[in-house]
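**Q** Please work out how this folds:
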Amino acid sequence: MTALSSHASVLTLNVNRLNSPIKRHRVAKWIKEQDPTICCLQETHLSPKDKHRLRVKGWKTILQANSKQKKAGVAILISDKTDFKIRQIKRDIEDQYIMIKGTLHQEEIMLIYIYAPNTGAPKFIKQLLTNLKEDIKNDAIIAGDVNTPLTSMDRSSRQKINKETVELKKMLKQLDLIDIYRTLHPKTAEYAFFLSVHGIF
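**A** Sure thing, here's the model as predicted:
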């Protein structure tokens, strides 16, 4: 969870497909228990017509980027309790990101929610940030699954960070974007996923 201010929070969750009604019910229950201001879901694997499957009581505003192939997919749900006025929405036709700009409790905010591809993620993110460079201001929050370890500490194998990731890190610095987790936990190695093919966390 990322704090925006004392009265707002962003929750992100990789749902790994929402085709099962039981799973959708469990996700909806969890969202209600957590009660975030904004809830971002990735890997929904829904089609553009499946918006109704994302409904959660208390989160009427649903924005999604999904392709007809029902692969990847991202969605943003905004709580009815919050004063969020959306001015602009950009969606990726390849269902990899959504960008929203507007005001949250009269404060300017921009949220980019990304689900980067498993291969070529640093290049994809760098290109996306280049495309959105003019939009990114001090009020930008980037959330989601970037599929890119930004430091060697973020990989269990301690392999060196490749050239594309180094270039991405330079760009993040130029845009004055920070890795919140790494800033709050500079020496903690914690992993959310084990990639058995490569034997790394």
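
**Q** okay, CA-based contacts and neighbour counts for the rest of this
**A** Noted.

**Q** which stretches of this protein form strands?
**A** Listed in chain order, the strands of the chain (DSSP state E) span 2-5, 8-14, 38-42, 61-65, 74-78, 84-91, 97-104, 107-115, 140-145.

**Q** Could you export these as CSV, including mean neighbour count and distance to Lys133?
**A** Listed next are the strands of the chain as CSV, based on neighbours: other C-alpha atoms under 10 Å; distance: least, C-alpha to C-alpha, whole Å:
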stretch, mean neighbour count, distance to Lys133
strand 2-5, 13, 21
strand 8-14, 17, 22
strand 38-42, 24, 22
strand 61-65, 20, 20
strand 74-78, 25, 21
strand 84-91, 14, 13
strand 97-104, 20, 12
strand 107-115, 21, 12
strand 140-145, 18, 11
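
**Q** In TSV, list those along with distance to Met153.
**A** Formatted as TSV, these follow (distance: least, C-alpha to C-alpha, whole Å):
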stretch	distance to Met153
strand 2-5	21
strand 8-14	22
strand 38-42	24
strand 61-65	32
strand 74-78	27
strand 84-91	32
strand 97-104	26
strand 107-115	22
strand 140-145	17
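
**Q** lowest-confidence stretch among the ones you listed?
**A** Here the strands of the chain differ in mean pLDDT, and the lowest is strand 2-5 at a mean of 49.
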